[in-house]
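> Below are the sequence and a predicted model for it; my questions follow.
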Amino acid sequence: MHQVLYPPRPKGRMLPSELSGYDKTGKWVAQRKFNGTRTLVHVFGSHVCLQSRYGDSHKNFQLNAQLREEILSLALDKNLEYWLDGEILDAKTKNPDYKGKIVLFDVLQEGSYLFGGPDLLQRYENLKIICKNPQEKEPGGLALKVTPNIWLAETFSKDFVDLFQDFIDNDEIEGLVLKKRNSVIDNVGSKEYEISWQIRCRKPHKNYNF
């Protein structure tokens, strides 16, 4: 059985009306929150595995040969072990063109587990290198296209209110996740845990208040 690693999860929640105040501080960045299932991509040499945030296999998605090859095509050192953090668009996804896509937004392990540093922005720079610095957006404009089935979530440093409104009518986007610029991973990832340096801001929906 492969190693189990748990990702950090946002502890806080905020209303859309609070976004402007966080934007003005200059201490936060934002990423789009996709309406999918949290997934960790574990890669070591030719080994590839997808794990849910609970440490088990996904119930509604199985890794296929095409996606496995695309993951192995990333800029990965074959001698290092990686855990990439992201979201998989699966059963919740209404648009058939989006089903089976993985959106990456953080790297938790790059050889060693990144506990205590580097900070959030440096980890994102490392993830961009792993994803070969994509420049083109996928056709819907929701993320940067890495491969046909792997996307990189964009990170925004300002204009959170406008960003929230951009895709408010898109079913694949739940809202935003705000993350502190200089935050570091402060737990070893050996159990489920929530962190204060991430805050969710969801658009109104029948399944949650905000």
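Everything's here; your move. Numbering: from 1, shown residues only.
> secondary structure element for Val29?
Take DSSP states H and E as the rule and Val29 turns out to sit in strand 28-34.
> And the contacts of that strand?
22, 87, 89, 103, 105, 120-121, 142-143, 153-157, 160, 163, 167, 172-181, 200-202 (C-beta atoms under 8 Å, 6 or more residues apart in numbering). For glycine as for every other residue, the C-beta is placed from the backbone atoms N, C-alpha and C.
> Recalculate using a threshold of 6 Å.
Strand 28-34 is contacted by residues 22, 87, 103, 105, 153, 155-157, 160, 163, 173-181 when judged by C-beta atoms under 6 Å, 6 or more residues apart in numbering.
> Please state the offset of the very next helix or strand once past that strand from the chain centre?
Next along the chain after strand 28-34, taking DSSP H and E as the criterion, comes strand 37-44. Chain-centre distance of strand 37-44: 10 Å, with C-alpha atoms, centre = their mean, to the nearest Å.
> Now do strand 37-44: which elements does it pack against?
Where contact means 3 or more C-beta pairs under 6 Å, 6 or more residues apart in numbering; DSSP states H and E, strand 37-44 is packed against strand 47-52, strand 81-88.
> List the pairing partners of the next helix or strand after the longest one within its sheet, with orientation.
This means strand 81-88. Of the helices and strands lying after strand 81-88 in sequence (DSSP H and E), the nearest is strand 102-110. Using DSSP bridges, the strands paired with strand 102-110 are strand 81-88 (antiparallel), strand 112-113 (antiparallel), strand 150-152 (parallel).
> The strand holding Val29 versus strand 81-88: what angle between them?
60 degrees (axes from the mean of the first three to the mean of the last three C-alpha atoms, to 10 degrees).
> about what we covered before: right, so the helices and strands packed on strand 37-44: which one is the most enclosed?
The highest mean neighbour count among these, using mean count of other C-beta atoms under 10 Å, belongs to strand 81-88: a mean of 22.
> Compute the inter-axis angle for that strand and strand 47-52.
40 degrees.
> picking that back up, and Asn60, which of the helices and strands packed on strand 37-44 is closest to it?
Each of the helices and strands packed on strand 37-44 was scored for nearness to Asn60 using C-beta to C-beta, and the closest is strand 81-88 (8.8 Å).
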